[in-house]
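**Student:** Quick one, what's the 3D model for this:
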Amino acid sequence: MRSVKKMRETFGLSQEQMAIYLNISRGFLSMVEAGKRTLPTTALAKLAELQKSLQSNLVYGQKAMQQQATKDLTELKTYAKQCIIKLYQLQQELDLLKEQHGQCLKVWLALGHLKQGAAATDSNDRDRLWLDILEAETLKKMRNCSLGKQAVLKLKIAALEREIEMAGKIKF
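**Tutor:** This is a model prediction of the structure:
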């Protein structure tokens, strides 16, 4: 009975272990597997019980795997939605940084022209000091929305886009 050998191997049992379970000798089991002998009725009953157990475990295992796959897909969908929300937030933050940087750049250039005009017209020290302070504050604001910070946001956005793309390749 080749099916005895197949079942034994499915359970990962040695001939000795299966023979003990069936209450026969290892040599007798070897002859049964080779097709030279047949199992006694009591051993056949135990084998049928073992096969029934195997089938019910397979069905249970398949259900458990399906449940886990469903759970994994649900978690993946949730994660993809979170990534999309985060992507939207980062894109808005990047747009805001670009806008702030552009505004600061315009102010900084205008201050440069004003400083040149103040130097040419011999303005008082108070006016020049005020322009220097405004320039320093503008440069500080520009550092807060620098091209480097924008580049970091662009990298984060690109990474999120890849994650969303990868999640989208999995069939829901």
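**Student:** alpha carbons only for contacts and neighbour counts from here, please
**Tutor:** Noted.
**Student:** What is the distance between the top helix by length along the chain and the centre of its chain?
**Tutor:** When the chain is parsed with DSSP state H, its longest helix is helix 41-120. From the chain centre to the centre of helix 41-120 is a distance of 6 Å (Cα atoms, centre = their mean, to the nearest Å).
**Student:** any idea how far residue 63 is from residue 55?
**Tutor:** Residue 55 is 12 Å from residue 63, where distance means Cα to Cα, to the nearest Å.
**Student:** right, and the helix or strand after the worst-scoring helix or strand of the chain on mean pLDDT?
**Tutor:** Every helix and strand in the chain was compared by mean pLDDT, DSSP states H and E; the lowest is helix 2-11, with a mean of 84. Going down the chain from helix 2-11, the next helix or strand is helix 15-22, by DSSP states H and E.
**Student:** pull the CA atoms of that following helix into CSV?
**Tutor:** Taking Å, rounded to 0.1, in the frame of the first residue of the first chain, the C-alpha atoms of helix 15-22 are listed here in CSV:
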residue,chain,number,x,y,z
GLN,A,15,8.7,3.8,9.6
GLU,A,16,9.5,3.0,13.3
GLN,A,17,7.1,5.8,14.6
MET,A,18,4.3,4.7,12.2
ALA,A,19,4.8,1.1,13.1
ILE,A,20,4.5,1.9,16.8
TYR,A,21,1.3,3.9,16.1
LEU,A,22,-0.2,1.0,14.1
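**Student:** what does it rub up against?
**Tutor:** Contact with helix 15-22 is made by 8, 25-26, 29-30, 42-43, 46-47, as judged by Cα atoms under 8 Å, 6 or more residues apart in numbering.
**Student:** before we move on, what about stretch 46-61?
**Tutor:** Contacts of stretch 46-61 (Cα under 8 Å, 6+ apart): 4, 7, 21-22.
**Student:** swap the cut-off to 7 Å and go again
**Tutor:** Contacts to stretch 46-61, defined as Cα atoms under 7 Å, 6 or more residues apart in numbering, come from residues residue 22.
**Student:** Quick one: mean pLDDT for it?
**Tutor:** The average pLDDT within stretch 46-61 is 79.
**Student:** What residues sit buried inside that stretch?
**Tutor:** Within stretch 46-61, the residues that qualify as buried are 47, 50-51, counting by 16 or more other Cα atoms under 10 Å.
**Student:** All set now, cheers.
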